[in-house]
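*Asks:* Sequence and predicted model, in that order:
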Amino acid sequence: MFKAIKRLFGVIGVALLAFRAIGSFLSWVDKQDEAQVDAWVDEEEFEEQK
C-alpha cells in the first residue's frame with residue numbers, strides 16, 4: 001500500500017514537471033516569434049531575387 005502511494009506521488013510529480021517544461025518551452029517560442037530577427041543575408045542571393 002505504501003509503495004503504491006509513493007509511486008502515485010512520483011507519477012504526479014513527473015507529470016507536473018512535464019507540464020511546466022512544456023509551458024516554459026511554449027513561452028520561449030512565443031518570445032522568439034516576437035523578437036526581431038537579425039539574420040545574416042547573402043548579398044549575392046539577395047541581388048538574384050531582384
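*Replies:* Done, it's in.
*Asks:* all contacts plus neighbour counts: C-alpha atoms, from now on.
*Replies:* OK.
*Asks:* Distance of Gly23 relative to Arg7?
*Replies:* 24 Å (C-alpha to C-alpha, to the nearest Å).
*Asks:* Check Gln32 too.
*Replies:* 37 Å.
*Asks:* now do Val14
*Replies:* As defined by C-alpha to C-alpha, Val14 lies at a distance of 10 Å from Arg7.
*Asks:* any idea which helix or strand carries Ser27?
*Replies:* helix 2-34 (DSSP states H and E).
*Asks:* where in this structure is pLDDT low?
*Replies:* 35-50 (pLDDT under 70).
*Asks:* Find the residues that touch each one of Val14 and Arg7.
*Replies:* Common neighbours of Val14 and Arg7 are not found (criterion: C-alpha atoms under 8 Å, 6 or more residues apart in numbering).
*Asks:* Report how many residues lie close to Gln32.
*Replies:* Residues contacting Gln32 under the criterion other C-alpha atoms under 10 Å number 11.
*Asks:* how far away is it from Ser24?
*Replies:* For Gln32, the distance to Ser24 - C-alpha to C-alpha - is 12 Å.
*Asks:* likewise Ala4?
*Replies:* Relative to Ser24, and taking C-alpha to C-alpha, Ala4 is found at 30 Å.
*Asks:* Which one's more surrounded, those two?
*Replies:* Using other C-alpha under 10 Å as the criterion, Ala4 and Ser24 rank with Ser24 on top: 12 against 9.
*Asks:* do you know how far that one is from Arg7?
*Replies:* According to C-alpha to C-alpha, Ser24 and Arg7 sit 26 Å apart.
*Asks:* same deal with Leu26?
*Replies:* 29 Å.
*Asks:* same deal with Ala18?
*Replies:* For Ala18, the distance to Arg7 - C-alpha to C-alpha - is 16 Å.
*Asks:* Then Ala15?
*Replies:* Going from Ala15 to Arg7 by C-alpha to C-alpha gives 12 Å.
*Asks:* for Leu16, same thing?
*Replies:* 14 Å.
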